[in-house]
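In: Mind folding the following:
(2 chains)
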Amino acid sequence: MPARRVPAATSWLAGLAVAGMAVVPVVAGGYTLYLATEAMVWSLAAAALGLLVGHAGVVSLGHAAFFGIGAYSVGLLVKAGVDLWVGLGAAVLLAAAFAALTGPLALRGHGVVVLMVTLAFAQMVYSAAYRWKWLTGGDDGLALPKLGGRPELFYAASVVLVVACVAALRRLVASPYGQALEAIRQNESKARALGIPAFPYKLAAYTLSAALTGLAGGLLAIHRNFVSPHDLYWVTSATLLVMVLLGGSRGFVGAVVGATLYVFLQAWVSSRTEFWSLFLGLVLVLTILGSREGLWGLLVRRWSRRA
Amino acid sequence: MLELRVKDLFKQFGGLMALNGVSLAVRPGERRGLIGPNGAGKTTLLRVISGEMQPTRGEVWLGDRRVDGLSPEQLARLGVARTFQRSSLFPELSALQHVSLARAAATGRSGCFWEPWRPDPVGWRALQAVGLEHRAHVAAGALSHGEQRQLEIACVLAQEPKVILLDEPLAGLAGAEREQVGRLLLGLPRELTVLLIEHDLSFVQSFADRITVLHYGEVLAEGTPEEVRADPRVQEVYVGTGETASRPAPAGTAGETLLAVQDLDTGYESMRVLEGVRLQVSRGEVVAVLGRNGAGKTTLLHTLMGFLPARRGSIHMAGRDVTRLAPQDRARLGMALVPQGRRMLEGLRVEEELALASTRGRWNLERVYNLFPQLRRRRHHFSTSLSGGEQQMVAIARGLLRNPALLLMDEPSEGLSPLLVRHVREAIRSLKEEGETLLLAEQNVDLALSVADRVYVLENGRVVFAGSVEALLEQPGWMREHLGVG
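Out: Numbering: from 1, shown residues only, chains lettered A, B, ... in the order given. Predicted coordinates:
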């Protein structure tokens, strides 16, 4: 159990990363700050997906739905003149409600079935947003007034939120419920024979993951002052999965690392060459070949070996 | 203390009736052994009782509560614990996490998400009881096969159940590990109601208060170990009588050696299954490999076919060393396997399935239909809709259509009624007359001895007998001890 050997290394690395994350963009300002905020928003969603992929063993290709539902909730309610906090609350609740509704169908299956069913539900939401022009603006999206106060403050708040969520999720997976999720991922029939109600437990994790992703979607709308149906498109789900796999699906810190790396690399590489996807594919293949636990896992392992 | 009762239980899989009206009552605190040849429906019965499968018809009662239709987790909460035939654990969780989780689930605390997981004292005592406390922090995947079995029993103890279902807890264990797990089982608290499936009959007899014998999904006999041992019907199921006498004359002088196996060792991960197996098959011969379930028969055939690597020893086919060859290369050299459990291809009709397997050579569709006229009548049916016996014929026909030099057959009689076993017997005999070379793994001693020229008996992965059928039949006492209800 490597998890018992590394906590010192992990907390050192994580502390260093958080400090860097909090200070550097604020000092740099401008585009760096914009990207850093973008990275925090995606990090929250990636960490939420990590709970499913890395711990509950449920691979969802439909998280764009929760992301987009969150973004549109905030966008539409703010446009209707509702308070921003109410909008964020609605983002969380509506995303969770959609998960609680579709989860029972998606989680009946395993593996590829889950992948396909979550994908299908997300694409349904996408086409709805795309068609209902009178409500969503269709392909043009929703342009929003400036929200979220000063960019430095909004960034600081998102860092605090991501750190708090990662800490809470880490506590969750260390609880008996978290152990039960691990058990279900590793051997569902044995877990059930021990008396663990696999289906409701997975549904709870699914709903929680959706709620956090919905929150991230709401933050994205505030951050960009814009909501686009593209946020609901399946590529967004795939991007989240790539972030999780790139950084490491277990322990949530990896998901944050993956999302941050993705956002910055994309900005940097695509300003230099048109072959961003090619570059990303290469990095992903090398990461997965190099370490099943992602870049963060690789780093932690290196670090703890040296210590 | 809880009584476990099963009333008129039926379970159907496609054309196969796995449970055919089973009734039994295990008194509170009783230890019941459940035995029967492979395919008798023992594991199916356990899976229906534990809620993994819904019965086609019938009732399951726990005390005065009817429980059929409940889910496995509901049954676990009512006090039913079970172990699985193959070690079934969470490979990344430590032993201590296993027992603590089992405890949390049993006491309804597995949903607690606000405080960290903690080692459970009852779980710890369960680990101590099975002698695994020194391995408490080792991930289950890194434990030896015997330790994994011990951990499974520790999980059961940590659940503090009222009823325990044990599915072959000694399978794959040998030597000291086997003795230790056996001792653990014998030391289970007496107030528990236990239903035990086990092929090690001497262990069942020392463990169980009463024994139920299943055969083709029906209760063949029930009684104390002594009564069951003395029951001639039970003897017949295991050893068989009579029909072996009508065997045809041995097939003259054997031809050249086709298959030669030397000092073969194989296993799965930490588990050694075959040890120093030597075996030979000559062209035109029918050779049977006998042995109880878990003796290593299927593993032997899989190793011959190349599905499992040989750890030591060699396999020669027609003079060529094939030990390191891939399965498809061995197939090209003339080996074909009729797998256990038939394995029909979903969504194909009989003729399509056979056409898929066809190669050019002495066997073609026409000749196969002549051998199995029933298949000609059924050729436009989906193969999965056929009865168990017809599926077996499709499986044999598939093997023949590959036109192999050597046909390996894995328990062709498994799960078939006596009438269908006779059909299989006739089919094998006509193949023999046609000069085919067959290596047959069987639990059905009757069938094997009525068709084979020579016999190997496997026990715990070793060859304990090699010789002619006559030589084996001359030792009825030895046969009973090694193959039957001893």
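
In: rest of the way, CA atoms for contacts and neighbours
Out: Fine.

In: which parts of chain B sit against chain A?
Out: Listed as neighbours of chain A in chain B under the rule C-alpha under 8 Å from any C-alpha of the partner chain: B:50, B:72-77, B:81-82, B:88-94, B:101-102, B:104-106, B:109-118, B:137-139, B:159.

In: repeat that with 7 Å
Out: Counting by C-alpha under 7 Å from any C-alpha of the partner chain, the residues of chain B lying close to chain A are B:72-74, B:76-77, B:81-82, B:88-91, B:101-102, B:105-106, B:110-117, B:139.

In: mind checking the end-to-end distance for stretch B:308-322?
Out: 13 Å (C-alpha to C-alpha, to the nearest Å).

In: So for it, mean pLDDT?
Out: In this model, stretch B:308-322 has a mean pLDDT of 90.

In: for it, the distance to its chain's centre please.
Out: 25 Å (C-alpha atoms, centre = their mean, to the nearest Å).

In: In chain B, which helix is the longest?
Out: helix B:418-433 (DSSP state H).

In: neighbouring contacts of it?
Out: B:286, B:389, B:413, B:447, B:451 (C-alpha atoms under 7 Å, 6 or more residues apart in numbering or on different chains).

In: Give the partner strands of whichever strand or helix holds residue B:466 in its sheet and their orientations.
Out: Assigned by DSSP states H and E, residue B:466 belongs to strand B:462-468. With DSSP bridges as the test, strand B:462-468 is paired with strand B:454-459 (antiparallel).

In: Residues contacting the strand it pairs with, please?
Out: Counting by C-alpha under 7 Å, 6+ apart, B:286-291, B:295-296, B:463-469 sit against strand B:454-459.

In: longest helix anywhere in chain A?
Out: helix A:198-224.

In: Return the residues of the stretch 51-200 of chain A in contact with chain B.
Out: So the stretch 51-200 of chain A meets chain B at A:171-172, A:174-178, A:180, A:183, A:186-187, A:190, A:192-197 (C-alpha under 7 Å from any C-alpha).

In: which parts of the one helix or strand in chain B whose mean pLDDT sits lowest are buried?
Out: For chain B, counting by mean pLDDT, DSSP states H and E, helix B:232-238 ranks last in confidence among helices and strands (a mean of 76). Under the neighbour-count criterion of 16 or more other C-alpha atoms under 10 Å in any protein chain shown, helix B:232-238 has B:233, B:234, B:235, B:236, B:237, B:238 buried.

In: So the first one versus chain A, what's the distance?
Out: It refers to residue B:233. Distance, residue B:233 to chain A, by C-alpha to the nearest C-alpha, to the nearest Å: 35 Å.

In: again with the second one
Out: Shown here: residue B:234 relative to chain A, a distance of 32 Å by C-alpha to the nearest C-alpha.

In: And the third one, by the same measure?
Out: Distance, residue B:235 to chain A, by C-alpha to the nearest C-alpha: 35 Å.

In: Just the residues contacting stretch A:132-149, thanks.
Out: A:75, A:79, A:129, A:130, A:131, A:154, A:222, A:225, A:226, A:227, A:228, A:229.

In: Near the fourth one, how many other residues are there?
Out: Under the neighbour criterion other C-alpha atoms under 10 Å in any protein chain shown, residue A:130 is assigned a count of 21.

In: rewinding a little: PyMOL command for the buried members of the contacts of strand B:454-459?
Out: Those of the contacts of strand B:454-459 that count as buried under 16+ other C-alpha under 10 Å are selected in PyMOL with:
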select buried, chain B and resi 286+287+288+289+290+291+295+296+463+465+466+468+469
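
In: What residue, apart from its backbone neighbours, is nearest the closest residue to chain A within the stretch 351-486 of chain B spatially?
Out: Across the stretch 351-486 of chain B, the shortest distance to chain A (C-alpha to the nearest C-alpha) belongs to residue B:384, at 22.9 Å. Distances taken as C-alpha to C-alpha, 6 or more residues apart in numbering or on different chains place residue B:344 nearest to residue B:384, at 5.9 Å, with adjacent residues excluded.

In: try residue A:166
Out: Excluding its sequence neighbours, the residue lying closest to residue A:166 (C-alpha to C-alpha, 6+ apart) is residue A:252, at 6.0 Å.

In: what number of residues lie near that neighbour?
Out: 28.

In: now swap in the one 4 residues further on and tell me
Out: Number of residues near residue A:256 (other C-alpha under 10 Å) recorded here: 31.

In: can you check residue B:422 too?
Out: Neighbour number of residue B:422 under other C-alpha under 10 Å is 14.

In: Also residue A:111?
Out: Neighbour tally, residue A:111, other C-alpha under 10 Å: 12.

In: What of residue B:147?
Out: 21.

In: For it, give me the pLDDT.
Out: pLDDT at residue B:147 comes out at 89.

In: and it, that one's in a strand?
Out: No - counting by DSSP: H, G, I helix; E, B strand; the rest coil, residue B:147 is not part of a strand but helix.

In: gap between the residue nearest to it when sequence neighbours are not counted and chain A?
Out: Leaving aside its sequence neighbours, residue B:147 sits nearest to residue B:132 (C-alpha to C-alpha, 6+ apart; 7.5 Å). Plainly put, residue B:132 is 17 Å away from chain A if you go by C-alpha to the nearest C-alpha.

In: could you point out where chain B is predicted with low confidence?
Out: Where chain B drops to pLDDT under 70, the residues are B:15, B:38-39, B:172, B:174-175, B:238-254, B:293, B:342, B:387-388, B:415-419, B:484-486.

In: quick one: furthest residue from the center of it?
Out: Relative to the centre of chain B, and counting by C-alpha atoms, centre = their mean, the farthest-placed residue is residue B:114 at 44.2 Å.

In: re the thing from before, closest to residue B:167 among the contacts of strand B:454-459?
Out: residue B:295 (16.2 Å; C-alpha to C-alpha).

In: could you say which helix or strand contains residue B:275?
Out: strand B:271-282.

In: what's the answer for residue B:259, then?
Out: Per DSSP H and E: strand B:257-268 holds residue B:259.

In: So for stretch B:100-110, what gets flagged as buried?
Out: B:100, B:101, B:102, B:103, B:104, B:105, B:106, B:110.

In: In CSV: these, plus secondary structure and distance to residue B:125.
Out: Shown next, in CSV, are those (DSSP: H, G, I helix; E, B strand; the rest coil; distance: C-alpha to C-alpha, whole Å):
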residue, secondary structure, distance to residue B:125
B:100, helix, 10
B:101, helix, 14
B:102, helix, 13
B:103, helix, 11
B:104, helix, 14
B:105, helix, 17
B:106, helix, 15
B:110, coil, 19
